[in-house]
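Enquirer: Got a sequence here, can you model it:
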Amino acid sequence: MSSEPGTLDWNLATDSSSFLIINNIMGGLTRLNNKLELENNLADSWYFVEGKNQIIFKIKRGILWSDNVELKAYHFTDSWERLLNPKTAADYAYFLFDIKNAKKYNSGEIKNFTQVGVKAIDDYTIKIDLKTKKSYFPSLMSFMSTFPIRKDLIDLHAESWVKIENLVTLGPYKMIEKKNNSYMIFKDKLEKKIKIIINENSTSSLAMFENGQLDILDGGGIPLLEIPYLKSKGMINTNYQFRNNYIGFNVDKKPFDDPEIRKAFMLAINKEVFESILQNTVNATNSWIPKGMIGNKKYVNLYDPKKAKEIIDRKNLKNTKIKFLFPESANNRLIAEVLQSMWKENLNINVDIQGLEWKVYLSTLDSDRPNMFRAGWAADYPDPHNFMNLFTCKSGNNETGWCHKVYDELIRKSSSEINEKERIKYYDNAQEILIHKENVIIPLYESNQIYLKSNRLEKFEYSKMGIINFSDLNLKN
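Expert: From the prediction side, this is the model:
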């Protein structure tokens with residue numbers, strides 16, 4: 001991995017590095033297999049109650065946490081109370097807003113969690129009352145933010161509950177050793193061990209792979225200039241993923257409180273350049289919904305530097321200081337420098353670029369958001385709602401500060417619509433507002449997962465969600 005996970009607190013984690021780890025040491029009521037089929041995991045069964053906006057989950061008996069305490073239904077409801085509690089300030093609280101009164105509890109309008117539509121009926125049964133029936137809701141239960149917690153241990157250890165000596169989990173693997181910014185070691189019940197090396201230097205990572213020190217090297221550890229050579233040797237593996245990259249504007253900070261200026265910065269970018277620079281591992285896009293999901297829009301090159309400069313000349317941005325923030329890992333600095341050059345050449349505007357270590361980058365987006373930032377989004381569950389819901393008013397992951405009631409209403413309607421053609425209409429209208437009328441974000445490109453795999457490993461590939469299940473990793477006999 002090129003960066004340390006942001007946190008191992010699954011109610012608070014927001015990044016894919018954290019998800020990779022948490023997904024293997026923990027689990028949810030459901031899981032998505034490598035074919036993106038929904039399966040029971042900690043749930044024994046679940047069903048929608050006929051004639052009601054209600055879903056019942058029955059959890060498996062005899063599931064033990066790593067300290068031999070049995071999993072109970074209230075471990076889930078405790079987790080959801082913590083996720084929704086405004087004091088937790090969890091970015092993913094909005095994931096549960098389909099539940100009756102969940103949004104009101106998160107906003108502080110309701111103080112008593114018993115009024116929220118979740119209840120542990122007994123030790124093995126959970127009842128959830130939804131505002132309206134949502135077909136994708138069981139998929140949400142496969143995502144880390146909804147995983148059960150041990151409130152007793154969080155109360156005992158406070159923020160230190162995620163330290164290795166205090167961490168109690170119930171996934172197939174347990175973390176047995178960790179050295180910050182260096183490595184992590186995991187072990188399953190059969191004593192199979194997985195070691196993750198943390199190294200942000202791609203040249204060094206590739207050397208480790210070539211020397212037999214690594215069995216899997218993801219794209220962040222592959223130097224760009226080495227990709228053609230590795231392709232020629234048949235060493236590059238590629239999996240398409242539901243993953244999009246974008247530039248976000250802070251609409252509350254000048255000059256990007258003006259949608260026309262946001263549009264000018266978009267028109268000044270030739271996105272197809274990134275396909276070449278990144279060795280054809282990405283695909284330029286104008287669509288926020290990625291390829292393979294309903295609502296994806298066909299790419300059209302909108303690059304128009306002349307029109308962009310005309311807008312800027314009208315706006316008189318002399319002496320305006322603009323900062324662009326990005327996570328300092330893999331090829332992100334190169335991408336930032338190319339963008340900086342385009343804006344200088346086409347708009348005659350100097351943009352100050354700043355790269356930060358992953359954890360610092362995430363905290364800065366929350367505490368001191370700059371004018372612009374570069375970010376990405378990988379699907380948490382395989383439905384376009386996961387992408388479009390990101391920029392609603394109450395989304396904790398909406399770092400733009402933008403709020404648009406018409407957009408929110410379109411997303412709400414699309415989530416309840418069964419007819420696929422009608423859903424697409426809602427998404428088309430919503431994307432038009434988000435990207436072309438309000439110009440809140442600039443979708444840049446969709447990423448493919450590239451990686452190297454050693455000959456010691458049996459068949460392996462990433463899922464479209466970017467997930468590696470450690471249990472799928474086996475050495476050849």
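
Enquirer: how about stretch 442-458: buried residues?
Expert: 442-453 (16 or more other C-beta atoms under 10 Å). C-beta: built from backbone N, CA, C; applies to glycine.

Enquirer: Name the member of these with the shortest distance to residue 289.
Expert: Closest approach to residue 289 among the buried residues of stretch 442-458 (C-beta to C-beta): residue 443, at 9.2 Å.

Enquirer: Next, please give the residue ranges for the strands of the stretch 351-477 of the chain.
Expert: Per DSSP state E, counting those that start in this stretch, the stretch 351-477 of the chain carries strands over the ranges 351-356, 372-378, 441-453.

Enquirer: now the ones you listed in a markdown table, with distance to residue 153 and mean pLDDT?
Expert: Listed next are those as a markdown table, based on distance: least, C-beta to C-beta, whole Å; pLDDT from 0 to 100:
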| stretch | distance to residue 153 | mean pLDDT |
| --- | --- | --- |
| strand 351-356 | 32 | 96 |
| strand 372-378 | 29 | 94 |
| strand 441-453 | 35 | 94 |
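
Enquirer: Can you lay out those strands as TSV showing distance to residue 432?
Expert: Converted to TSV, the strands of the stretch 351-477 of the chain look like this (distance: least, C-beta to C-beta, whole Å):
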stretch	distance to residue 432
strand 351-356	27
strand 372-378	19
strand 441-453	13
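
Enquirer: count of residues packed around residue 192?
Expert: Residue 192: 15 surrounding residues under other C-beta atoms under 10 Å.

Enquirer: How much space separates it from residue 172?
Expert: According to C-beta to C-beta, to the nearest Å, residue 192 and residue 172 sit 10 Å apart.

Enquirer: same deal with residue 244?
Expert: Counting by C-beta to C-beta, the gap from residue 244 to residue 172 is 30 Å.

Enquirer: Who are the contact partners of residue 135?
Expert: Applying C-beta atoms under 8 Å, 6 or more residues apart in numbering to residue 135 gives the contacts residue 418.

Enquirer: Ok, residue 256 next?
Expert: Residue 256 neighbours (C-beta under 8 Å, 6+ apart): 249-250, 262, 265, 371-372.

Enquirer: Check the closest residue to it other than its chain neighbours and give its pLDDT.
Expert: Leaving out its chain neighbours, the residue that sits closest to residue 256 by C-beta to C-beta, 6 or more residues apart in numbering is residue 249, at 4.2 Å. For residue 249, the model assigns a pLDDT of 97.

Enquirer: Would you report the backbone torsion angles of residue 249?
Expert: The phi/psi pair for residue 249 (degrees, to the nearest 10) reads phi -100, psi 140.

Enquirer: Contacts only, for it.
Expert: Residue 249 makes contacts with 256, 262, 265, 371-372, 400, 402, 439-441, as judged by C-beta under 8 Å, 6+ apart.

Enquirer: Between which two of those is the distance greatest?
Expert: Top of the distance list for the contacts of residue 249 (C-beta to C-beta): 265 and 402, 15.1 Å.

Enquirer: Tell me the secondary structure at residue 238.
Expert: Under DSSP: H, G, I helix; E, B strand; the rest coil, the three-state class of residue 238 is strand.

Enquirer: Is it bridged to anything, and to what?
Expert: residue 450 (DSSP bridges).

Enquirer: Could you list which residues are in contact with residue 96?
Expert: So residue 96 contacts 80, 83-84, 102, 140, 146 (C-beta under 8 Å, 6+ apart).

Enquirer: Same check on residue 468?
Expert: So residue 468 contacts 20, 24, 216, 460, 462 (C-beta under 8 Å, 6+ apart).

Enquirer: picking that back up, for residue 381, state which of the contacts of residue 256 is nearest.
Expert: residue 249 (26.5 Å).

Enquirer: So what's the residue count around residue 398?
Expert: Neighbours of residue 398 using other C-beta under 10 Å come to 19.

Enquirer: Please name the nearest non-neighbouring residue to it.
Expert: Per C-beta to C-beta, 6+ apart, closest to residue 398 is residue 391, 5.2 Å.

Enquirer: That neighbour contacts residue 403, doesn't it?
Expert: No. The criterion here is C-beta atoms under 8 Å, and residue 391 misses it with residue 403 at 9.1 Å.

Enquirer: Please report phi then psi for the nearest residue to residue 420 once chain neighbours are set aside.
Expert: Spatial nearest neighbour of residue 420, excluding adjacent residues (C-beta to C-beta, 6+ apart): residue 294 at 5.9 Å. Dihedral angles of residue 294 (phi, psi; degrees, to the nearest 10) stand at phi -60, psi 140.

Enquirer: Over to residue 440?
Expert: Main-chain torsions, residue 440, degrees, to the nearest 10: phi -80, psi -40.

Enquirer: cool, residue 394 as well?
Expert: Dihedral angles for residue 394 - degrees, to the nearest 10 - are phi -100, psi 10.
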